[in-house]
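Peer 1: pasted the sequence and its predicted model underneath.
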Amino acid sequence: KSSASTQQDICWSLGRPAFGIQPARPLRILTIQAENDAGDLGEMARGVCAGLQLSAEDRATIGDRVLYVSERSRTVARFLAMVVAPLLRRHRPDILRIDPLLAYIGADVNDAEKTAAYLRTGLNPLLDEYECAVSPNHPPPNAVNRDAAAWRESAWLTAGHGTAGVPSAGRAAAGEA
């Protein structure tokens, strides 16, 4: 998920399609992450840039439009108030990526009440205030012992870990990104 997200960030920051999705314009993307260190992030970015054969000018544009911040100690309200809100205020990204969502939710993601409180009453007001979409990195469903061969895209959205509120909470916040 992290490598695919890195490729998306790089392509979208240049206004180019990623995985069949064309952004309306070059985007500013802020990722707050808890899993990858600076070396991992750099290795992924260098690999994507080399694979896409990006120019020095493209790489400079990416450096201006894509920001990665590591946060490994705050969850729920403290994460939103002390990390997310100040970063949104300062950087005004088009897309906020939270990687992984489970690192910051501070509860069992299957608890619909706590998930809704975090996403709908905690995160969504910030997205509205700063006119920002969210793209949470969330573990895919474990398809072991499931026949997922005939699943449509919509089935994968709700089959992941947690309540159906996870994929639907930020849908209206996407705007024109």
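Peer 2: Ah, there it is.
Peer 1: quick one: name whatever helix or strand follows the lengthiest helix in the chain.
Peer 2: In the chain, taking DSSP state H as the definition, the longest helix is helix 38-51. Later in the chain than helix 38-51, the nearest helix or strand by DSSP states H and E is helix 56-65.
Peer 1: tell me where the protein has strands.
Peer 2: 29-33, 66-70, 95-99, 133-136 (DSSP state E).
Peer 1: and the ones you listed: which comes nearest Ala45?
Peer 2: strand 66-70 (8.1 Å; Cβ to Cβ). Where you see a C-beta, it was placed from the backbone N, CA and C, and this is true even at glycine.
Peer 1: angle of the closest one against helix 38-51?
Peer 2: 160 degrees (axes from the mean of the first three to the mean of the last three Cα atoms, to 10 degrees).
Peer 1: give me the buried positions along the longest helix of the chain.
Peer 2: 41, 44-45, 48-49 (16 or more other Cβ atoms under 10 Å).
Peer 1: in CSV, list the strands of the chain along with mean neighbour count, distance to Asn124 and mean pLDDT.
Peer 2: As requested, the strands of the chain are arranged in CSV below (neighbours: other Cβ atoms under 10 Å; distance: least, Cβ to Cβ, whole Å; pLDDT from 0 to 100):
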stretch, mean neighbour count, distance to Asn124, mean pLDDT
strand 29-33, 23, 16, 95
strand 66-70, 17, 20, 94
strand 95-99, 24, 11, 94
strand 133-136, 20, 8, 89
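Peer 1: this completes my enquiry, with thanks.
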